[in-house]
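>>> here are the coordinates; sequence isn't available:
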């Protein structure tokens, strides 16, 4: 899930430290917004604004998974749009340069196809002239266009998912304009998953299903690495194409391994398909899904029995979690959602609103009107929230593009139709 909140985000690099590889305010091939009087965006300020930014408006782009097997994730977009629309109705967001701007939020569906994502991103940069991206999804997609967006000076803020090692490295060396990943790194997520599996069953025999693309392969590699030195064993592996209409044959093959644990390193409706088929085959392993996917909407459609023994990890509060009825943040959100005609139990919609409100804090801290200024704010602004789970502290480091360094196990309870939050906190430093 997307969550927001952390201690002060430490600066990745000191001002001017990028040297010859510096990321310029407007990026290569993008002209600044200048009015007839020669000032940026119609402003009296001498500094030029990035394309997409005027004194009264800022254009924000997004390319994300919204259809097909990932249709449920459209709720993230809807939640964000609800927040941005509300802000616009009240006049806009007042940014750090003192200007109040309305947000033109342009979101395009890429269907989790990197080729479509590249087309979307180029359209948003070159035709729509967005100043920054918000909430983009897909590791393969981001890797396909990060050189382009960085060269253009258009940062990726709050990308959804878990950053792989390559993007972590590029964050560290300053060659990729992305910040505030909403999930833990792939390595940390899998370390927690392996520790939790071993705590339940030190000799677990694991069957793995992963998507045959960058995200799934990265998850598998990190999972294998995290298992080194443990008594756990992967006894079967199957992959699937993200365009596949069914994964029944893969689940049937995995069932033949008699594994006692199932690790689903995929996402979207493939989780629903997997859980349903497992139940049909009368297979009863402990079932683990990735941290980006603990949504009630992806679990319950699998049907009775299929939702037993499903686990994941989490770090932030979600609408589908049990026992948060008296939590101030949850109460406030529920009241807002109900008053505005939204379903307060839709955890993906809620996650979209949380991410959008976090992005607003970034804009409020942006001292300037360029993509680079937004990027700098994302790395250095003090941002706050009440959405971290009990015992979990968000903290940032120069080494980590994610603010997540702690997590707990969550277990789905079919009787309560929600997630029960564990009490043991796993930390990256352990």
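That came through, no problem. All values derive from a computational prediction rather than experimental measurement.
>>> in the protein, where's the longest helix?
Longest helix in the chain, counting residues (DSSP state H): helix 347-364.
>>> check which residues of the helix or strand following that one are buried.
Downstream of helix 347-364, the first helix or strand assigned by DSSP states H and E is helix 371-380. Within helix 371-380, the residues that count as buried by 16 or more other Cβ atoms under 10 Å are 371, 372, 373, 374, 375, 376, 377, 378, 379, 380. Every C-beta, even on glycine, is put in place using the N, C-alpha and C of the backbone.
>>> which helices and strands does the longest helix of the chain pack with?
helix 74-89, strand 93-94, strand 132-134, helix 296-299, helix 328-339, helix 371-380 (3 or more Cβ pairs under 8 Å, 6 or more residues apart in numbering; DSSP states H and E).
>>> before we move on, back to that, reformat the buried residues of helix 371-380 as JSON lines; add pLDDT and distance to residue 204.
Formatted as JSON lines, those follow (pLDDT from 0 to 100; distance: Cβ to Cβ, whole Å):
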{"residue": "371", "pLDDT": "97", "distance to residue 204": "46"}
{"residue": "372", "pLDDT": "96", "distance to residue 204": "47"}
{"residue": "373", "pLDDT": "96", "distance to residue 204": "48"}
{"residue": "374", "pLDDT": "96", "distance to residue 204": "44"}
{"residue": "375", "pLDDT": "93", "distance to residue 204": "42"}
{"residue": "376", "pLDDT": "91", "distance to residue 204": "45"}
{"residue": "377", "pLDDT": "91", "distance to residue 204": "44"}
{"residue": "378", "pLDDT": "90", "distance to residue 204": "39"}
{"residue": "379", "pLDDT": "86", "distance to residue 204": "39"}
{"residue": "380", "pLDDT": "82", "distance to residue 204": "42"}
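>>> what segments of the protein are strands?
Remark: strands assigned in the chain by DSSP state E are 57-64, 93-94, 100-109, 132-134, 156-157, 178-179, 205-211, 233-240, 261-265, 286-289, 310-314, 406-413, 418-421, 426-427.
>>> and the second one, how far from the chain's centre?
Put plainly, it is strand 93-94. 24 Å (Cα atoms, centre = their mean, to the nearest Å).
>>> please renumber so the chain begins at 34
Happy to do that; since the first residue is 34 now, the last one works out to strand 126-127.
>>> count of residues packed around residue 333?
18 (other Cβ atoms under 10 Å).
>>> next one: it relative to residue 247, how far apart?
Residue 333 is 29 Å from residue 247, where distance means Cβ to Cβ, to the nearest Å.
>>> please name the nearest non-neighbouring residue to the most centrally placed residue in the chain.
By Cα atoms, centre = their mean, the chain has its centre lying nearest to residue 193, at 1.9 Å. Distances taken as Cβ to Cβ, 6 or more residues apart in numbering put residue 170 closest to residue 193, at 4.7 Å, once the chain neighbours are dropped.
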